[in-house]
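J.: The following block contains a protein sequence and its predicted model.
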Amino acid sequence: MSTTPDTTKQGGAVAYVLKGYPRMSELFIASEIYRLERLGVRLRLHVIKPADEARQHGIVARIKSRPEYLPPTGSLTKTPLRRWLAAHLKDFLPGVRGVARRRPAGLARAAAAAFAQAVRARRSFWSWPRKVYLKEFLQAATVADRVLRAGDVRHLHAHFCHGATTVAWLASLMTGLPFSFTAHAKDIYCESLNPAGLLRRKMRAARFVVTCTDANREHLLKVEPAARVHCVYHGLNAEFAELLGGAGGASRPHVAEERGPLRALGVGRLVEKKGFDVMVEACGILRRREVPFEAVIVGESGEHEAEIRRRIEALGLGDSVRLAGPMEQTKLFEEYRSAGVFCLPCRVLENGDRDGIPNVLMEAMACGLPVVTTPVSGIPEIIRDGVNGRLVPPDDPAALADALLRIDGDRQLAQSLSTRARATVRERFDGERFAAELAALFREVLS
Amino acid sequence: MSVRRIAVVMSGFPRRSETFALGELLALEERGALAAVFATKPGESGLTQPGCERLSRKVRVLPQGDAARQAAFVAERLAGLRVGGVHGYFAHTPAEVAARAAGMLGVPYGFSTHARDARKVAPGVLAERARKAACVVACNTDVAGEILRAGGAVHLLPHGVDLRRFRPRPLEASGELRLLSVGRLVEKKGFHVLLDAAARLDFPFRLRVVGDGPERERLSEMVETHGLAGRVTLEGALTHAELPEAYAAADAVVVPSVQDSSGDRDGLPNVVLEAMACARPVVASRISAVGCAVADGETGLLVPPGDASALASALRRLAGDAALRGRLGRGGRVRVERDYEVGRCTDRLYELLTGVYC
């Protein structure tokens, strides 16, 4: 093991293509990059959208690779093509010229692929070709140009299998370098993000595909059975693992010693698939049963926030349900330590969008917090009901309230869920191990 | 007619996990072709396989020492008998002892090889030993390939399976998928991968792991930490009579073999053939020679070794499709009837060895 990083260093770099970086809600990507660097994989980060978040996780500062941002663009869908080109084409032309000089045939192949996709994906027979593929073609040319100039890149890898992967695919056609991608959640299940068989086409073209749950892997293999799809769990992120290690394992006071009101914690962006509205409804039931409780929901705002606030208001829970906004890992860690039960009532949306194995679920379990969640998507791969957590049906506030009460009332159950949850994460979701698996996949293509 | 017979050098004998050796030696003994059996070390006591005691009278455990000393002992015992050749039953020490003893007696030697035994010998030494042998018998294509690469000639003769002892028996439907895994609890059997896969399963199932070994403690800890207590039982070893019952009570048999950290791996584990003889679908790693017997989609499902995710997918596929299980099971039975019937396999071994040595 100790000699392999050196061979990778000689073998070349992997160019990551990311939609945004660094993002508060995508700590798992920063954590992966950090770990890959430490495993000796050399990376170059190409980021499509400019950084627009003021806050970032501590781990980002410890990553050596500096992100290279593509020229910023406005929305092409909402702007007439001519105006968009007038504003942005000049930023992308140097990249196109650079690739045209070095790899003219590759550029032509990518142009043909992008145009064919634009035609296939048009909204109706009489519609114009979809403009978004022109934008992605131009972005790919800039990535390809930078990759060719750098000279040491041997492989391209994208996160999320819609836009960023399309850019990586086109850049791969231009440069002749192999590419791969990691598919996560919405990007897999929302067909509108990969219209007209685009996902299948990219899966066929990719050297391999990585995804973070078995459920995703099975779905992807249905899309393209001949593809090489690896399930590599995220595991506990590096920053959290360090916090946990620092706390010496005694990350949470012993369950049986706790008293006082039921403290429920939910963590996640305020989007519909996380089901926090159901959590609020369950809190309403607790209130009706006159159970003393307090609830905190941690996470950045999302399209579901207004609805969640409306329900808190309607149920008169303003004093006991708090929306705390996004949090850094150290503060979040404190929340996990002081809560009595973790609550994440995930659901699958009508457009297919869903979570995989939510990273926060793993974190809560690692802290020994008893968890209540739902058996959707990849969650049954980590939780066995009644053993290391509780599973309740999605969209069922009554079942959720019952489960919360049961854990609050049955100290022995809470203790046993807590112990086993901790063991589950320790034994099966070690992030270092999965980073090493990913590094091995890259090494295979780099060698 | 020749009256020359064959002397065989075993490793430890008898051993519970090497039923095939017992069967093959018995076949030689019944036909009067066996002059003597030597074991380079003591075997396990208290075994219950039928025929064991019949052979054990013929087995002599060699005094501990290097191969030269053991060979001298063999040669001394065989002097004066009409021995046509000395056959080492494994490629490592037994083959070396056989070769030396044969040299002292002035008769040809040969050896059989199965899996790990070939890897216990340095490639150069193995090549030399194979080239000078009158015959080399390999029981699976994986290890046969190693001999061929080393430059020797090799006869491919699988061990075969007793089709009367292991036969299809009806199984009542159940709400759970009943899984069975059989083998020594050692790393190369890949039970840790199976437990990882089991932890990911989201449908009702039960898993019986039959066998014992040094990994037992680690595996039972995994059962506990993966939250599998109550679904997975590590049953320890079963008796000879109980094993067919275990297959009969299973919906599918899992063979999750991997290459272990020392590079060792299974050849064609007998459990594969036994499961197929019982008309049970086999979910196995695509490793070494397993793919020769298990045809993906015909007699079972093959998954990449060490890939818990792929193994879980295959199990999920079987769980949801009783018709598929039935079809794969029947396919397996047809296959072993054609290629792995034990009587025919031992006949061929008898003919080969007597043809070479007698």
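T.: Good, I have the coordinates.

J.: burial of residue A:126, as a residue count?
T.: Neighbouring residues of residue A:126 were enumerated by other C-beta atoms under 10 Å in any protein chain shown; the total is 6. Using the backbone N, CA and C atoms, a C-beta is placed for each residue, glycine as well.

J.: a helix runs through it, doesn't it?
T.: No. Checked against DSSP: H, G, I helix; E, B strand; the rest coil, residue A:126 lies outside a helix; its state is coil.

J.: how far away is it from residue A:279?
T.: With distances taken as C-beta to C-beta, to the nearest Å, residue A:126 is found 46 Å from residue A:279.

J.: One more: residue A:33?
T.: When distance is defined by C-beta to C-beta, residue A:33 is 32 Å away from residue A:279.

J.: same deal with residue A:397?
T.: From residue A:397 to residue A:279 the distance is 8 Å (C-beta to C-beta).

J.: and residue B:253, what helix or strand is that in?
T.: For residue B:253, the host element (DSSP states H and E) is strand B:252-255.

J.: Name every strand pairing with that strand and say which way it goes.
T.: Here strand B:252-255 is paired, per DSSP bridges, with strand B:177-182 (parallel), strand B:282-285 (parallel).

J.: Name the residues that touch the last one?
T.: For strand B:282-285, the external contacting residues (C-beta atoms under 8 Å, 6 or more residues apart in numbering or on different chains) are B:190, B:252-258, B:272, B:275-276, B:290, B:294, B:299-306, B:311, B:314-315, B:318, B:328, B:332.

J.: just stretch A:377-384 next, same as before
T.: Outside of stretch A:377-384, the residues within contact range by C-beta under 8 Å, 6+ apart are A:185, A:212-216, A:346, A:348, A:354-358, A:361-362, A:365, A:371, A:373, A:375, A:388-391, A:424, A:428-429, B:199-200, B:202, B:227-228.

J.: Show me how far that stretch is from its chain's centre.
T.: 17 Å (C-alpha atoms, centre = their mean, to the nearest Å).

J.: just to revisit the earlier point, just the contacts of stretch A:377-384: which are in strands?
T.: By the criterion of DSSP state E, membership of the contacts of stretch A:377-384 in strands covers A:371, A:373, A:390-391.

J.: Go through these and say which is closest to chain B.
T.: Each of the ones in strands among the contacts of stretch A:377-384 was checked against chain B using C-beta to the nearest C-beta; the closest is residue A:391, at 9.7 Å.

J.: Just the pLDDT at that closest one, thanks.
T.: Note on residue A:391: pLDDT of 96.

J.: Could you tell me which of the contacts of stretch A:377-384 belong to helices?
T.: A:214-216, A:361-362, A:365, A:424, A:428, B:199 (DSSP state H).

J.: now those in TSV, with pLDDT and distance to residue A:114?
T.: Formatted as TSV, the entries for the ones in helices among the contacts of stretch A:377-384 read as follows, by pLDDT from 0 to 100; distance: C-beta to C-beta, whole Å:
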residue	pLDDT	distance to residue A:114
A:214	93	33
A:215	92	31
A:216	95	26
A:361	97	38
A:362	96	38
A:365	96	43
A:424	93	44
A:428	92	41
B:199	94	43
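
J.: Enumerate the positions of the helix or strand bottoming out on mean pLDDT in chain B that are buried.
T.: Confidence across the helices and strands of chain B bottoms out at helix B:52-56, with a mean of 79, counting by mean pLDDT, DSSP states H and E. Counting neighbours by 16 or more other C-beta atoms under 10 Å in any protein chain shown, one finds that the buried residues in helix B:52-56 are B:52, B:55-56.
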